[in-house]
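Undergrad: Here you go, sequence then predicted model.
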Amino acid sequence: MRDILFTNAHLIDPEAGTVSEGRLLIRNGKIHGQLPPAEPAPDADIVDCGGKMLAPGIVDIGVKVCEPGERHKESFKSAGLAAASGGVTTIVTRPDTTPDIDNPETLEFVSRRAAQASPVNVRTMAALTKGREGREMTEIGFLLDAGAVAFTDCDRVVENTKVFSRALTYARSLGALVIAHPQEPVLSRGAAATSGKFASLRGLGAVSPMAERIGLDRDIGLVEMTGARYHADQITTARALPALERAKSNGLDITAGTSIHHLTLNELDVADYRTFFKVKPPLRAEEDRIATAEAVRTGLIDIISSMHTPQDEESKRLPFEEAASGAVALETLLPAALRLYHADMMDLPTLFRALSLNPAKRLSLPGGRLATGAPADLVLFDPHTPFVLDRFQLRSKSKNTPFDGQRLQGRVIATYVSGQEVYRKS
């Protein structure tokens, strides 16, 4: 494999917190280092970046790929192509498939399918409890040996506190990461919106933001009791942030994420009952959106994810409260996140700290950085190119995006995995 030299690039380094003009040398699929401007160029294939941004590829935690069971919604091939076109070089998939990924055999099947079909890296999470029913923990040790990078029941809360505490204790003994959905399950059951004047005017079943705070408080107490490694998949309300800050300041091994939809949309977007805006947890008030974005900027919230959830047309073309939750976002994650940059809410190194560096670090993956020896998983993009999104142009099999018809700013030019080009905008 010949060396590759990226020239005329603006290098976004989330570890150093810098954006600098430079050249990046790739050797044997890994980053060999940045070259000073005066140093002669080695014998290599030259990629002229045209003054655009070159950053570590996005590591996206919480992607639903519907294999096995529902390939008509999303396959590893379609998800991989969508990820590559969105600058995502590693997708970390959820276990809420049909059947659930709750045993080593299913996990090994999924891993083989991903390796065969996807042009980007795929790592898989396994269920924390069998069938994600919250009754009996899975064989965490065997699943770790089979390649599981974390354990989660996704949006199903383990209601039985004793079962959850035992699972956390066992996970701690093996060093496994547990990812949970902080919601009080009884309060949030059946909710389609966030409680308040707007939800009442629209006649929608709603849940108080306190349900997230209550769920997080419970989980923090159990983490303090067990000493487990814990990640909250989505923190979306201002009321949950003080509890998260206290837990971190007390030295607990806790991180938190949020979804791109909760950072860029709010509860008013469901005014026309458009079901593409129905996500879980429901979209929040604008004050919550701003507080969540500020928490990402300061590092209190560590990770931004797409929470990519494909749904077919039949499950979305229903009354709002009956429609399935979720939205696709692999291809819109970066341009939507750039809304925060263009609004001066955070700079590009901070954005890629949450999109690339922190998720890779939390899962002990080698990507997400421009350091020497790191895999050459990179995204080249222009943050200023405007476009209007047409959902029928998405590479995902499902087209349920809330950004359909919206004006976005920022286009991926090319994506590289281990130095190999897996996508280039035509």
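TA: Noted; the coordinates are in hand.
Undergrad: switch to C-alpha atoms for all contacts and neighbour counts from now on
TA: Will do.
Undergrad: Tell me who's in contact with Ser165.
TA: Counting by CA atoms under 8 Å, 6 or more residues apart in numbering, Ser165 touches Leu222, Thr226.
Undergrad: can you tell me how far it sits from Glu224?
TA: 10 Å (CA to CA, to the nearest Å).
Undergrad: Domains in the protein, by residue range?
TA: Domain assignment for the chain by automatic domain parsing gives 4-53+377-424, 57-362.
Undergrad: Of all these, which one is nearest Ala371?
TA: With CA to CA, the closest approach to Ala371 among the domains of the chain belongs to domain 4-53+377-424: 6.8 Å.
Undergrad: Can you check which of the domains of the chain gets nearest to Gly368?
TA: Taking the domains of the chain one by one with CA to CA, domain 57-362 is closest: 4.2 Å.
Undergrad: for that closest one, how far is the first residue from the last?
TA: 16 Å.
Undergrad: for the protein, what helix or strand is lowest in average pLDDT?
TA: Every helix and strand of the chain was ranked by mean pLDDT, DSSP states H and E. The lowest is helix 197-202, at a mean of 88.
Undergrad: partner strands of the next helix or strand after it, parallel or antiparallel?
TA: Sequence order places strand 206-207 as the next helix or strand after helix 197-202, per DSSP states H and E. Counting by DSSP bridges, the strands paired with strand 206-207 are strand 193-194 (parallel).
Undergrad: Off-centre distance for the strand it pairs with?
TA: 22 Å (CA atoms, centre = their mean, to the nearest Å).
Undergrad: cool, stretch 199-217 as well?
TA: Distance of stretch 199-217 from the chain centroid (CA atoms, centre = their mean) equals 23 Å.
Undergrad: so what strands line up beside the helix or strand where Tyr423 lies?
TA: Element membership for Tyr423, per DSSP H and E: strand 420-424. Paired with strand 420-424 in the same sheet, following DSSP bridges, are strand 407-417 (antiparallel).
Undergrad: Just checking: what are the partner strands of the host helix or strand of Ser20?
TA: Under the criterion of DSSP H and E, Ser20 resides in strand 18-27. Strand pairing for strand 18-27, using DSSP bridges, gives strand 4-13 (antiparallel), strand 30-35 (antiparallel).
Undergrad: Buried deepest among those strands, which one?
TA: Mean neighbour count (mean count of other CA atoms under 10 Å) peaks for strand 4-13 among those, with a mean of 22.
Undergrad: what mean pLDDT does it have?
TA: If you average the pLDDT over strand 4-13, you get 96.
Undergrad: got the contact list for it?
TA: For strand 4-13, contacts defined as CA under 8 Å, 6+ apart pick out 18-27, 44-56, 348-349, 352, 369-370, 419.
Undergrad: let's see 7 Å
TA: The contact list for strand 4-13 (CA atoms under 7 Å, 6 or more residues apart in numbering) reads 18-27, 44-55, 349, 369-370.
Undergrad: Which stretches in this protein count as helices?
TA: 76-85, 104-117, 140-145, 161-174, 185-188, 197-202, 210-226, 241-249, 260-264, 286-298, 313-316, 333-342, 348-352, 358-362 (DSSP state H).
Undergrad: In CSV, could you pull the C-alpha coordinates for the second one?
TA: Output for helix 104-117, consisting of C-alpha atoms alone and laid out as CSV, is shown next (Å, rounded to 0.1, in the frame of the first residue of the first chain):
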residue,chain,number,x,y,z
PRO,A,104,-23.0,-14.9,21.5
GLU,A,105,-24.4,-16.7,18.4
THR,A,106,-26.5,-13.8,17.3
LEU,A,107,-23.7,-11.4,18.0
GLU,A,108,-21.3,-13.4,15.9
PHE,A,109,-23.8,-13.6,13.1
VAL,A,110,-24.2,-9.8,13.1
SER,A,111,-20.5,-9.2,13.2
ARG,A,112,-19.9,-11.5,10.2
ARG,A,113,-22.7,-9.7,8.2
ALA,A,114,-21.2,-6.3,9.1
ALA,A,115,-17.7,-7.3,8.0
GLN,A,116,-19.0,-8.6,4.7
ALA,A,117,-21.4,-5.7,3.8
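Undergrad: So which elements touch that helix?
TA: The helices and strands touching helix 104-117, judged by 3 or more CA pairs under 7 Å, 6 or more residues apart in numbering; DSSP states H and E, are helix 76-85.
Undergrad: elements contacting the helix it packs on?
TA: Looks like helix 76-85 contacts helix 104-117, strand 420-424 (3+ CA pairs under 7 Å, 6+ apart).
Undergrad: pLDDT weak spots in the chain?
TA: Applying pLDDT under 70 to the chain flags the ranges 38.
Undergrad: List the residues that contact the residue positioned nearest the centre of it.
TA: Nearest residue to the geometric centre of the chain (CA atoms, centre = their mean): Ser305, 2.2 Å. By CA under 7 Å, 6+ apart, Ser305 lies in contact with Asp60, Ile61, Gly62, Thr258, Ser259, Ile260, Leu355.
Undergrad: For Arg94, see how far away Asp233 is.
TA: Noted for Asp233: a distance of 11 Å to Arg94, by CA to CA.
Undergrad: ignore the last one, Leu143
TA: 14 Å.
Undergrad: And Glu294, by the same measure?
TA: Glu294 is 27 Å from Arg94, by CA to CA.
Undergrad: Looking at the two, which is more packed in?
TA: Taking neighbours as other CA atoms under 10 Å, Glu294 and Arg94 compare with Arg94 leading, 27 against 16.
Undergrad: What distance do you get for that one to Asp155?
TA: Arg94 sits 10 Å away from Asp155, going by CA to CA.
Undergrad: what's the overlap in contacts for the two?
TA: Shared contacts of Arg94 and Asp155, defined by CA under 7 Å, 6+ apart, are absent.
Undergrad: Can you get me a residue count around Thr292?
TA: 24.
Undergrad: And for the one 5 residues further on?
TA: For Arg297, the count of nearby residues is 19 (other CA under 10 Å).
Undergrad: Give the burial count for the residue nearest to it when sequence neighbours are not counted, as a bare number.
TA: Once flanking residues are discounted, Arg297 sits nearest to Met346: 5.8 Å by CA to CA, 6 or more residues apart in numbering. Neighbours of Met346 under the rule other CA under 10 Å: 19.
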